[in-house]
Each structure stands twice: as structure tokens, then as C-alpha cells.
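Colleague: Show me the folded form of this:
(chains A and B)
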Protein chains: 2
Amino acid sequence: MNALGTHLLLDLEDCSPALLDDVEHVRQALMSAASEAGATIVGETFHKFQPVGVTGILAIAESHMGVHTWPEYGFAAVDIFTCGEDFSPHKAAALLIDRLECANPTLKEVKRGFIQRRVASPVEVPR
Amino acid sequence: MNALGTHLLLDLEDCSPALLDDVEHVRQALMSAASEAGATIVGETFHKFQPVGVTGILAIAESHMGVHTWPEYGFAAVDIFTCGEDFSPHKAAALLIDRLECANPTLKEVKRGFIQRRVASPVEVPR
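Modeller: From the prediction side, this is the model:
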């Protein structure tokens, strides 16, 4: 497989509404899932919406992990994009499903960046 | 259409390698595309990798916009997730394609969070 990255799109239905509205819980769930799945966190941004809802995104050395929550629907949209070998996006997904107490997850996997030609002849970046 | 959100996955081939390795250019391209397309920026995280590569993600009120660059391949992987009505993800995509000088973009659109049942009966969030 010559894709540069794997992008997992997780639609998490029937999660705990209270947990989805707790920005610190969402932050800890995302940070711990990233670390336990082997990611190296290089940046983060989290936001609590009023009256309800949380957005949280981690920049990781392997790309990113993000979650957007709709507590009023018990729904969270997660995406996990990785271009690394050491990080397991499926393990991170399983950990998030558990920590957001999701009873009805669906997962879509998208391969990104097919670059057979480029792998054969990378471009020199001007310095 | 009862999806909560639209997620655009953009694979940008044949971009300017120099621009893809310039974290400040990537930041300005992402910030300006978000603003001009009607997004409200609520957070950001950017990281410059060594020897090459940039990751940048904006948390926006409408969800997020992110870019990961591989200057050595002239490639950038962009995703634009929106749950709002006022923000045009396709306009943001067109602006990024222009500002990263991409000659060969491909776009995949994924609808997220089909919640017909939930729209009819949202869950009360404990306070």
C-alpha cells in the first residue's frame, strides 16, 4: 500500500451525553487514547461551546486526532489521521469508543495520498 | 439531508514544495481560507517538522480545518469538517488549492452523523 496516510472517520452514536459535554473528560480521553496508541502529541486545541458541545483536536507527529461532540444527541464525530507506522489508529479509536461510553460506533477508513510516482522521485525542497 | 456535518477530504498533489514547508505561509493560507469562507476560528495549533513538513489545524465554531504537508512530495492532505450553514467548506477548499499552488487536487466528500431519530428527540444533558 503506497498511501501516505490512513484517515479513520468515526461516527459515535449513543455516547454518554454528560461525558460529551465535559471538555476536561474529552481532553483526557483524547490525550490518553493518543498516548496509549503510540502517538507523539505536538499540539492541542480544545473549545467548550455554549450551551453544549466540545471540540478538541490534537496535532500529533503522525498527523492528528480530533473530536466534535453533540451532547444533545449523544453523538460525537471523531477523526484520526495517521501517516506513521508506530501509531495504531484503530487502537486509538477503540480507546475513544470506550472512554466516551459509545454504544453505537461506526467507522469509515480512507486511504490518503497515493504517491507511487512521488516515492520514486521526491522533490528537493528549496532551502 | 439530515447529516450533522460534511467532511471534505482533499488530497493536494503537485503543490509548491517551498510553500508547503513554510509554516507561516501554511498558517496564513488556512486562517485566510477559513475567514473568507465564513468560518469563526476558536483555536489553532501549528507545528513545523524537521527536516521538512508542516501540520496545522484550526478549531472553528463550525468544526475544524486541518492540513498536513509533505513538501518532499509536493503533497498536502487537507480536511475540512463543517456542521454549520454559514461556512462554505467548498469555498475554503478552493482557496487552499489556490494558496498552496496545487496543480492536481482531488476531493472526497463524506457526510457525517445521520441523526434523524435524534433530531426528533434530543437527549437532555445533565447539568
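
Colleague: Residue A:87 belongs to a strand?
Modeller: No - Residue A:87: not assigned to a strand; according to DSSP: H, G, I helix; E, B strand; the rest coil it is coil.

Colleague: Mind telling me what element residue A:34 is part of?
Modeller: Using DSSP states H and E, the element containing residue A:34 is helix A:23-36.

Colleague: pull the CA atoms of that helix into CSV?
Modeller: The C-alpha atoms that make up helix A:23-36 are tabulated as CSV, following Å, rounded to 0.1, in the frame of the first residue of the first chain:
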residue,chain,number,x,y,z
VAL,A,23,-14.4,19.3,28.0
GLU,A,24,-11.8,18.0,30.5
HIS,A,25,-13.1,14.5,30.2
VAL,A,26,-13.0,14.8,26.4
ARG,A,27,-9.4,16.2,26.6
GLN,A,28,-8.2,13.4,28.9
ALA,A,29,-9.9,10.8,26.7
LEU,A,30,-8.2,12.1,23.5
MET,A,31,-4.8,12.6,25.2
SER,A,32,-4.7,9.2,26.8
ALA,A,33,-6.0,7.4,23.7
ALA,A,34,-3.3,9.1,21.6
SER,A,35,-0.5,8.3,24.1
GLU,A,36,-1.6,4.7,24.7
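
Colleague: Would you mind identifying the next helix or strand past that helix?
Modeller: Next helix or strand after helix A:23-36 toward the C-terminus (DSSP H and E): strand A:41-48.

Colleague: Run the angle between the next helix or strand after that following strand and strand B:54-60 for me.
Modeller: Following strand A:41-48 in sequence order, the next helix or strand is strand A:54-60 (DSSP H and E). Relative orientation of strand A:54-60 and strand B:54-60, computed by axes from the mean of the first three to the mean of the last three Cα atoms, to 10 degrees: 180 degrees.

Colleague: Would you mind listing the buried residues in strand A:54-60?
Modeller: Across strand A:54-60, burial judged by 16 or more other Cβ atoms under 10 Å in any protein chain shown covers A:54, A:55, A:56, A:57, A:58, A:59, A:60. (Each C-beta comes from the backbone N, C-alpha and C, glycine too.)

Colleague: Which element is encountered next along the chain beyond it?
Modeller: Where DSSP H and E defines the elements, the next helix or strand beyond strand A:54-60 is strand A:63-70.

Colleague: who does that following strand pair up with?
Modeller: Strands that pair with strand A:63-70, judged by DSSP bridges, come out as strand A:54-60 (antiparallel), strand A:75-82 (antiparallel).

Colleague: Alpha carbons only: can I get that strand in PDB?
Modeller: Provided in PDB are the C-alpha atoms of strand A:63-70 (Å, rounded to 0.1, in the frame of the first residue of the first chain):
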ATOM      1  CA  SER A  63      -0.900  13.700  11.900                       C
ATOM      2  CA  HIS A  64      -4.000  14.500  14.000                       C
ATOM      3  CA  MET A  65      -6.800  13.300  16.200                       C
ATOM      4  CA  GLY A  66     -10.000  15.300  16.600                       C
ATOM      5  CA  VAL A  67     -13.400  15.100  18.200                       C
ATOM      6  CA  HIS A  68     -16.500  17.200  17.900                       C
ATOM      7  CA  THR A  69     -19.400  16.400  20.300                       C
ATOM      8  CA  TRP A  70     -23.200  17.000  20.200                       C
END
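
Colleague: Report the inter-axis angle for that strand versus helix A:23-36.
Modeller: 150 degrees.

Colleague: pLDDT below threshold where in chain A?
Modeller: Counting by pLDDT under 70, the low-confidence segments of chain A come to A:1, A:115-127.

Colleague: switch to 90 and redo it
Modeller: Applying pLDDT under 90 to chain A flags the ranges A:1-4, A:84-86, A:113-127.

Colleague: that older thread, other SSEs contacting the helix holding residue A:34?
Modeller: helix A:17-20, strand A:41-48, strand A:54-60, strand A:63-70, helix A:89-99 (3 or more Cβ pairs under 8 Å, 6 or more residues apart in numbering or on different chains; DSSP states H and E).
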